[in-house]
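Trainee: predicted model, plus sequence, below.
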Amino acid sequence: VKYRQDYERNRGHSQMEFGDTQTYRVSKEAQKLQSQREYRRDYEEQMKGKSLMEVEHTPAFLTARHASSLLSEKEYRKDLEQEVKGRG
């Protein structure tokens, strides 16, 4: 009966307890540090110094770009009226 209780309690668990060994704990810690180092390296390569939102998609930038194009078109039409229509 006791054997059956122990079996039911330990069913699905590994018979070897890796978490108790010093080698396993050192290996897990090294794996954790390596993962953090790779995460930081990826962050620095891809994200550091870049904004989370592209500047070209901000409302202020879009408004400024639209205003600039309107001014440019107005100058073009002004030159057109003075140079071409004024002579005819």
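Mentor: Nice, I can see it.
Trainee: quick one: the strands in the protein, in order.
Mentor: With DSSP state E as the definition, the chain shows no strands.
Trainee: now find how far off-centre the longest helix seen in it is within its chain.
Mentor: Scanning the chain for the helix with the most residues, using DSSP state H, yields helix 22-46. Offset of helix 22-46 from its chain centre (CA atoms, centre = their mean, to the nearest Å): 19 Å.
Trainee: mean confidence for that helix?
Mentor: The average pLDDT for helix 22-46 rounds to 86.
Trainee: again, but for stretch 4-16
Mentor: For stretch 4-16, the per-residue pLDDT averages 75.
Trainee: give me the most central residue, this protein.
Mentor: The centre of the chain sits closest to residue 47, judged by CA atoms, centre = their mean, with a distance of 6.3 Å.
Trainee: quick one, phi psi at that one?
Mentor: Residue 47 has phi and psi values of phi -110, psi -30 when expressed as degrees, to the nearest 10.
Trainee: quick check: it vs residue 41, distance?
Mentor: 11 Å (CB to CB, to the nearest Å). (Each C-beta comes from the backbone N, C-alpha and C, glycine too.)
Trainee: same thing with residue 57?
Mentor: Applying CB to CB, the value for residue 57 to residue 41 is 28 Å.
Trainee: check residue 58 too.
Mentor: With the distance defined as CB to CB, residue 58 ends up 29 Å from residue 41.
Trainee: also residue 6?
Mentor: To residue 41, residue 6 is 47 Å away according to CB to CB.
Trainee: and if you look at residue 8?
Mentor: Separation of residue 8 from residue 41 (CB to CB): 47 Å.
Trainee: could you do residue 61 as well?
Mentor: To residue 41, residue 61 is 31 Å away according to CB to CB.
Trainee: one more: residue 62?
Mentor: 34 Å.
Trainee: repeat for residue 70
Mentor: Residue 70 sits 45 Å away from residue 41, taking CB to CB as the criterion.
Trainee: what of residue 31?
Mentor: Relative to residue 41, and taking CB to CB, residue 31 is found at 16 Å.
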